[in-house]
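Chemist: predicted coordinates and the sequence they were generated for:
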Amino acid sequence: HFYKRNNECLVVMSVLRERKTLRSDSDDDNEKDKVNRNDEKANRKIKKVEPDQNWIQRLKSDLLNSGEKRKKSSPEKEQKPCEVVVEPGTYWLTRILFLRFLSFIYLIAFLISYNQNKELIGNWGLTPARNFLLNVGDQFPDLYSRLLHVPTLLWFGSPWDDMDQLLDGIALAGAGLAVVVLVTGAANMLVMATMWVLYHSLVSVGQTWFSFGWESQLLETGFLAIWCVPVFSWKRMPRKLPSPWVCVWGFRWLIFRIMLGAGLIKIRGDSCWRDLTCMNYFYQTQPVPNPMAYLAHQAPGGWHQFETFGNHVIELVFPWLSFIPHRSAWIFNGCFQIFFQCVLISTGNLSFLNWLTMAPSIWYLDDKFLTSIFSASSCKQVLNLQMEDKIMKEKRKSRTPLPRQLMTAGIACLLAYLSMPIIYNLASPKQTMNRSFDPLRLVNTYGAFGSVTKTRTEVVIEGTSSPDGSVWEEYEFKCKPGDLSQAPCLVTPYHYRLDWLMWFAAFQQYQQNPWLLHLMGKMLENDPIVDSLIHRNPFKGKKPPKFVRARHYKYKFTRSGGKEARKGKWWSRQLIGEYVPQVSLEMLAGVYQQYGWRRKGKEEI
């Protein structure tokens, strides 16, 4: 039995070996077939085919044409730096744009101060800040009272022997901080508050040189900007602080008051604003015209009437769009206010006033509107923040921490309280403009050109070194009209403070402006301060004049294309009379002593 079973197993194994052999032979045959097929394919590929060159050229042409058609059909997609769709109603990008714009204005303001403060309010300036602080100190013996009436860091620099260095240090520090904010597009409360305090310190001791409405407007704008940024964090889009609503609506309230105040003061003031004739005179009689003002003055009377009417619409009607709860109304108002300020900038040198007035109007423009001027990465970041806001809203959570919400509410209450006298002033028929109701100038009234002078008068200062006074030479200022052939300057947003006050002095008496006598005294000394303040000193490098005088002239633009204009003259003038009679240093000695001014080479007179 055992042998029988063993033989059966051998038979089975033999059959299995045969099958395996057959299978391997079959696999080999299959592999050979595959190789043969691949060889046939390779042989087919190796066959050389001559390409059709005409067909290839037509294909290239068709591809190029189709690419150009795609470019023409969708140019916006290629030009837009931001490709994502941002939701309306948020103000992350708005804050970045606003901070950069405001820091630019701060930078200009501090540079103006750095370049002119020593000559105007330095220890050897026309109205020394040291004398001003000494007089205030005599009235208020304690530091608290002094700071309340004249809030400035300079109180801590007594006795102010190095006032020039203190003024330069404040201006340079402020300018440095402004550059950092301008470059980064971010800020924190410490930096914004420091810039505000530094500029406030200059304005408080600037006296008549800093008496313009835009100084208070910059301080109010800068104060409100402090509450738009984190306390310490330095990020363009801080996740825990979206633009606070007190900033969005605070700045809208500011531009509303600025424009409405300017419109009301005109309607209540000069009758030429009501009969639409003010623009017939404004371009010629404004403080410091530019070359475009010369051309604008030549326009026909009908166009000037249209300009005056348009001014009333923008200042009296458009501001009310702030309170219409619709995005399109806000954007329309913001864009028109910015456009209006650009028009004013193009036809006059009103310092940084119009630039500064554009700043609060930026807060009418939300992220969706501003995406075209920001990068794709910024837009994506905003979109991510908006998605997070939706999730947090569903969970009924707030991105802003509770302490910061309470701070925002407190600032809103403060602004509401300080706005009460402002509202009363706007409603009053005896409206005043450019006035502060609190010592820190946190909320102010505004207005401009309630009355327009119909003729332009200029004070022209002359000096003589001849014994008999037969030859008089004129001092030329940097921007103020003087030389009839000198083209009007273009300096906005920069500002020459002396030139502006010379414009005011022309329709006042010199006794109202004692600084003018000090200027004439420095001309008699040939003080280097004079060379820094004016364009041309005819006695520079020469013997000082023996006498100086000031004469009063009536100035007019020449007619474009007229006889005088063809001779290269921008102005014509007519003598009115003497403004300040000829004076010498000895004649001014009593005035120097009265005001505590110091003469060159002498400590005090």
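Modeler: Okay, I see it.
Chemist: contacts, neighbours, all on C-alpha from now
Modeler: Fine.
Chemist: for this structure, which segments are assigned as strands?
Modeler: Using DSSP state E, the strands of the chain run over 456-464, 473-474, 547-557, 571-583.
Chemist: and among the ones you listed, the most buried is which?
Modeler: strand 456-464 (a mean of 23; mean count of other CA atoms under 10 Å).
Chemist: other residues contacting that strand?
Modeler: 284-285, 470-475, 481-482, 502-503, 505-507, 545-556, 579 (CA atoms under 8 Å, 6 or more residues apart in numbering).
Chemist: chain center to it, what's the gap?
Modeler: Relative to its parent chain, strand 456-464 has a centroid offset of 34 Å by CA atoms, centre = their mean, to the nearest Å.
Chemist: partner strands of it, with direction?
Modeler: Strand 456-464 sits in its sheet next to strand 473-474 (antiparallel), strand 547-557 (antiparallel), going by DSSP bridges.
Chemist: now tabulate these in JSON lines and tack on mean pLDDT.
Modeler: Listed next are these as JSON lines, based on pLDDT from 0 to 100:
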{"stretch": "strand 473-474", "mean pLDDT": "96"}
{"stretch": "strand 547-557", "mean pLDDT": "97"}
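Chemist: any chance of those strands in a markdown table, with distance to Leu585 too?
Modeler: Putting the strands paired with strand 456-464 into a markdown table (distance: least, CA to CA, whole Å) gives the following:
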| stretch | distance to Leu585 |
| --- | --- |
| strand 473-474 | 18 |
| strand 547-557 | 8 |
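Chemist: and Leu316, which of those is closest to it?
Modeler: strand 547-557 (30.7 Å; CA to CA).
Chemist: contacts for the closest one, please.
Modeler: Defining contact as CA under 8 Å, 6+ apart, one finds that strand 547-557 is touched by 284, 294, 455-465, 469, 506, 520, 523-524, 570-584.
Chemist: and stretch 561-580, by the same measure?
Modeler: In contact with stretch 561-580 (CA under 8 Å, 6+ apart) are residues 294, 459, 484-488, 509-510, 549-559.
Chemist: got the end-to-end distance for that stretch?
Modeler: Start-to-end span of stretch 561-580 (CA to CA, to the nearest Å) is 35 Å.
Chemist: quick one, which of the strands of the chain is nearest to Ser398?
Modeler: Across the strands of the chain, closest to Ser398 is strand 456-464 (CA to CA), at 58.7 Å.
Chemist: taking strand 571-583 as reference, get the angle to the closest one.
Modeler: 50 degrees (axes from the mean of the first three to the mean of the last three CA atoms, to 10 degrees).
Chemist: any idea of the mean pLDDT for strand 456-464?
Modeler: Mean pLDDT, strand 456-464: 96.
Chemist: now stretch 452-459: how far from the chain's centre is it?
Modeler: Put simply, stretch 452-459 sits 29 Å off its chain's centre (CA atoms, centre = their mean).
Chemist: need the CA coordinates for it. CSV is fine.
Modeler: This file holds the C-alpha atoms of stretch 452-459, laid out as CSV (Å, rounded to 0.1, in the frame of the first residue of the first chain):
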residue,chain,number,x,y,z
VAL,A,452,-13.0,138.2,0.9
THR,A,453,-10.9,141.3,0.2
LYS,A,454,-11.8,142.9,-3.1
THR,A,455,-8.4,144.5,-3.6
ARG,A,456,-4.9,143.2,-2.9
THR,A,457,-2.6,145.4,-0.9
GLU,A,458,1.1,144.6,-0.1
VAL,A,459,3.6,146.0,2.3
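Chemist: got a pLDDT number for Asn131?
Modeler: So, for Asn131, pLDDT stands at 94.
Chemist: give me the nearest residue to it, chain neighbours excluded.
Modeler: Excluding its sequence neighbours, the residue lying closest to Asn131 (CA to CA, 6 or more residues apart in numbering) is Gly596, at 7.3 Å.
Chemist: repeat that for Arg236.
Modeler: Nearest in space to Arg236, with sequence neighbours left out and distances taken as CA to CA, 6+ apart, is Ala186 at 4.6 Å.
Chemist: next, count neighbours for that neighbour.
Modeler: Neighbour count of Ala186, defined by other CA atoms under 10 Å: 22.
Chemist: quick check: it vs Pro403, distance?
Modeler: Ala186 is 22 Å from Pro403, by CA to CA.
Chemist: and what of Phe212?
Modeler: 37 Å.
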